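Student: predicted model and sequence follow; I will ask about them next.
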Amino acid sequence: MRHFEGKGYSAEFVKNMTNVMETLQEDTPVLLWNGGDVICAQCPNYKDGSCISRDKVMGYDAAVLNATGLRAGMKIPYGDFQEKIEEFIMKPQKIKEICGACQWAEICHKS
C-alpha cells in the first residue's frame, strides 16, 4: 500500500484500493490476515475466493510478518503497523530482500 500508484491493475482494483487507503487512519484497527481480504476482493488475480498467485503473495506476507515480529490474527492500529514496516523493513532496507522478486519492485525501490 505504501507505494501504490494505481497502475497495472483493473479499474475496479484501483478504485477499491483507493477507497481502502482513504479510510485508513492512524488509529484504524487492522486485522493481519493470512488470506484474501478487502483489498484482494477486486484484484483481477483473485478468482473464486483464491489468489492465482497465492504462494508468492503468502511468501511476501510471511516475510513481512517475520521481519516485523507480527503474526497473522493480530489486530493493531494502522499507524502502529506502518511504524513496524518503517522500523524493521524500510530503514534497514530489507525491502529488496523481502520483495525483490515482485513485478512492482522497482516502484518501491526508488523511494
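Tutor: Okay, I see it. These numbers were taken from a predicted model, which means no experiment stands behind them. Numbers count the residues shown, from 1 in each chain.
Student: wait, isn't Cys102 in contact with Tyr60?
Tutor: Yes - contact criterion CB atoms under 8 Å: Cys102 and Tyr60 qualify, at 6.9 Å. The C-beta positions use only the backbone N, C-alpha and C, and glycine is treated the same way.
Student: what's the local residue count around Lys75?
Tutor: Residues near Lys75, counting by other CB atoms under 10 Å, number 9.
Student: in the sheet, who's paired with it?
Tutor: Beta-bridge pairing for Lys75 (DSSP bridges): Leu31.
Student: ok, it to Trp33 distance?
Tutor: 10 Å (CB to CB, to the nearest Å).
Student: can you tell me the element Cys108 falls in?
Tutor: Element membership of Cys108, judged by DSSP states H and E, is helix 105-109.
Student: now Ser53. Nearest residue, chain neighbours left out?
Tutor: Asn45 (5.5 Å; CB to CB, 6 or more residues apart in numbering).
Student: and that neighbour, how far from Lys56?
Tutor: In this structure, Asn45 and Lys56 are 10 Å apart, going by CB to CB.
Student: and Met17, by the same measure?
Tutor: Noted for Met17: a distance of 18 Å to Lys56, by CB to CB.
Student: which one's more surrounded, those two?
Tutor: It is Met17, of Met17 and Lys56, that has more neighbours when counted by other CB under 10 Å, with 18 against 14.
Student: in the helix or strand the more buried one falls within, what counts as buried?
Tutor: Here Met17 sits within helix 11-23, counting by DSSP H and E. Buried residues in helix 11-23, defined by neighbour count with 16 or more other CB atoms under 10 Å: 13-14, 16-17, 20.
Student: any chance you could map the strands in the protein?
Tutor: 29-31, 46-47, 50-51, 75-77 (DSSP state E).
Student: any chance of those strands in TSV with mean pLDDT and distance to Lys94 as columns?
Tutor: As requested, the strands of the chain are exported to TSV (pLDDT from 0 to 100; distance: least, CB to CB, whole Å):
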stretch	mean pLDDT	distance to Lys94
strand 29-31	96	21
strand 46-47	90	27
strand 50-51	90	23
strand 75-77	97	19
